[in-house]
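Novice: Fold the following and give me the result.
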Amino acid sequence: MSELFRTPDAWASLPSRTAERVGSVRALLGEGPTWDAERGVVWWVDITGRQIHATSLDGRDRALHVARPLAVVVLRASGGLLGATPDGFVAVDTETGALTLLAPVELDDPATRMNDGKVDPTGRFWAGTMFDSGDPGGGALYRLDADLRVTRMLKPVSIANGLDWTDDDRGMLYIDTTTRRVDLIEYDAVTGDLGARRPWVTIPDGAGHPDGMTLDSEGCAWVALWGAGCVVRFSPAGVPLTRVDVPAQQTSSCCFAGPGLDQLVITTASGPNPETAGAGAGGLYVARPGVRGRLPTAFAG
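Specialist: Numbering: from 1, shown residues only. Sure thing, here's the model as predicted:
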């Protein structure tokens with residue numbers, strides 16, 4: 001990355017636009033958005049509030065209570081949703097919010113929970129774990145195949161977060177938030193195996209912490225920067241290009257949505273101190289960044 005972007009001041013000078021709030025939901029820890037084109041809603045979760053939201057882009061919202069904290073939800077080819085809880089990978093009933101454990105993960109370690117995840121281009125669901133306390137090095141990244149077999153892919157991990165795959169199906173972009181990096185990892189689309197790993201983007205001190213992410217149709221990555229109140233777009237070479245500002249400091253993740261996949265939806269958090277987080281914290285936001293995204297892949301199982 002260019003030396004120009006080694007300081008937070010340079011990031012603040014990027015061309016920018018401001019996202020607008022959608023609806024009135026205020027999450028404690030909003031995360032894991034995905035666009036459901038069939039239903040015309042964005043599915044997303046409030047981890048701490050134990051809710052799933054189905055929100056249309058005009059602000060209408062349907063909330064479901066869940067028995068366990070859900071860190072992310074993804075579409076499932078056979079119907080419904082799949083999610084990640086402290087117990088492992090679960091099926092989610094979109095009418096009742098009922099959770100059915102399909103594949104346990106780290107049940108012998110009550111100190112960890114699952115965090116962000118996504119489905120790869122061939123229909124495998126990837127999600128990682130972290131210490132709920134935030135202590136470093138206690139997590140891992142897992143892959144759930146269509147036959148519900150779980151494979152541990154990376155360890156150690158501190159805060160498993162955003163990931164997505166390059167258009168050539170040969171690379172996976174991956175964030176472990178504590179490293180302050182987005183890494184590029186060699187990826188085999190046929191086997192689902194990972195290879196060599198190298199830093200792709202490093203976020204300087206004072207510019208926020210990388211959290212969730214998504215790629216657009218031009219191969220650029222949009223990375224939510226927790227603590228900085230923005231999402232930054234990076235070129236395929238890892239150069240910062242533009243920024244979407246959000247009136248909530250704790251920006252957690254993003255996805256493209258809408259019939260034209262031309263709206264960037266951004267989740268935020270109001271916790272752990274909602275009373276001091278500001279009125280906009282925890283809201284769902286949308287911006288029109290001038291590019292289109294890609295349809296999410298549904299889990300194949």
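
Novice: CA atoms for contacts and neighbours, from now on please.
Specialist: Will do.

Novice: Surely Gly280 touches Ala248?
Specialist: Yes. Using C-alpha atoms under 8 Å, Gly280 is in contact with Ala248, at 5.4 Å.

Novice: need the contact list for Gly23.
Specialist: Asp58, Gly59, Arg60, Asp61, Gly283, Leu284 (C-alpha atoms under 8 Å, 6 or more residues apart in numbering).

Novice: Have a look at Gly280 and Ala248 and say which one is more surrounded.
Specialist: Ala248 (25 against 20; other C-alpha atoms under 10 Å).

Novice: part of a strand, is the more buried one?
Specialist: No. Ala248 is assigned coil when assessed by DSSP: H, G, I helix; E, B strand; the rest coil, not a strand.

Novice: Was I right to think it contacts Ala281?
Specialist: Yes. Look at Ala248 against Ala281 with C-alpha under 8 Å: they come within range, at 4.6 Å.

Novice: I'd like the contacts of Gly23 laid out as CSV, including distance to His209.
Specialist: Shown next, in CSV, are the contacts of Gly23 (distance: C-alpha to C-alpha, whole Å):
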residue, distance to His209
Asp58, 30
Gly59, 28
Arg60, 30
Asp61, 29
Gly283, 19
Leu284, 19
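
Novice: Run a quick neighbour tally on Tyr174.
Specialist: Tyr174 has 24 nearby residues by other C-alpha under 10 Å.

Novice: Around Ala12, count how many other residues there are.
Specialist: When neighbours are counted by other C-alpha under 10 Å, Ala12 registers 15.

Novice: How about the one 5 residues further on?
Specialist: Summarising burial for Arg17: neighbours were counted as other C-alpha under 10 Å, giving 15.

Novice: Might one say that it is in contact with Pro247?
Specialist: No. In this structure, Arg17 is not within contact of Pro247 by C-alpha under 8 Å, at 11.5 Å.

Novice: follow-up on the earlier one: quick one: which of the contacts of Gly23 has the most company?
Specialist: Neighbour-wise, the contacts of Gly23 (other C-alpha under 10 Å) top out at Leu284, 32 neighbours.

Novice: Just list what the host helix or strand of Tyr285 packs against, helices and strands only.
Specialist: Using DSSP states H and E, Tyr285 falls within strand 284-287. Here strand 284-287 touches strand 20-22, strand 263-268, going by 3 or more C-alpha pairs under 8 Å, 6 or more residues apart in numbering; DSSP states H and E.

Novice: Would you mind identifying the next helix or strand past the shortest one?
Specialist: Proceeding C-terminally, strand 20-22 gives way to strand 30-36 as the next helix or strand, assigned by DSSP H and E.

Novice: Can you list the strands that that next one pairs with?
Specialist: According to DSSP bridges, strand 30-36 forms sheet pairs with strand 41-46 (antiparallel).

Novice: Tell me which residues are up against the next helix or strand after the partner strand.
Specialist: Toward the C-terminus, strand 41-46 is succeeded by strand 51-55 as the next helix or strand (DSSP H and E). By C-alpha under 8 Å, 6+ apart, the residues outside strand 51-55 that reach it are 41-46, 61-66, 69-70, 97.

Novice: For burial, what's the neighbour tally of the closest residue to Ala54 other than its chain neighbours?
Specialist: Leaving out its chain neighbours, the residue that sits closest to Ala54 by C-alpha to C-alpha, 6 or more residues apart in numbering is Trp43, at 4.6 Å. Look at Trp43: counted by other C-alpha under 10 Å, it has 26 neighbours.

Novice: what helix or strand does Leu75 sit in?
Specialist: Using DSSP H and E, Leu75 sits in strand 72-75.

Novice: Run through who's touching that strand.
Specialist: By C-alpha under 8 Å, 6+ apart, the list of residues contacting strand 72-75 reads 31-34, 36, 43-45, 81-84, 115-119, 296-299.

Novice: of these, buried ones?
Specialist: Buried subset of those (neighbour count, 16 or more other C-alpha atoms under 10 Å): 31-34, 36, 43-45, 81-84, 115-119, 296-299.

Novice: Excluding residues flanking it in the chain, which one is nearest Asp46?
Specialist: Asp46's closest residue in space is Gly30 (C-alpha to C-alpha, 6+ apart), at 4.5 Å.

Novice: cool, Tyr285 as well?
Specialist: Tyr285's closest residue in space is Arg21 (C-alpha to C-alpha, 6+ apart), at 4.3 Å.
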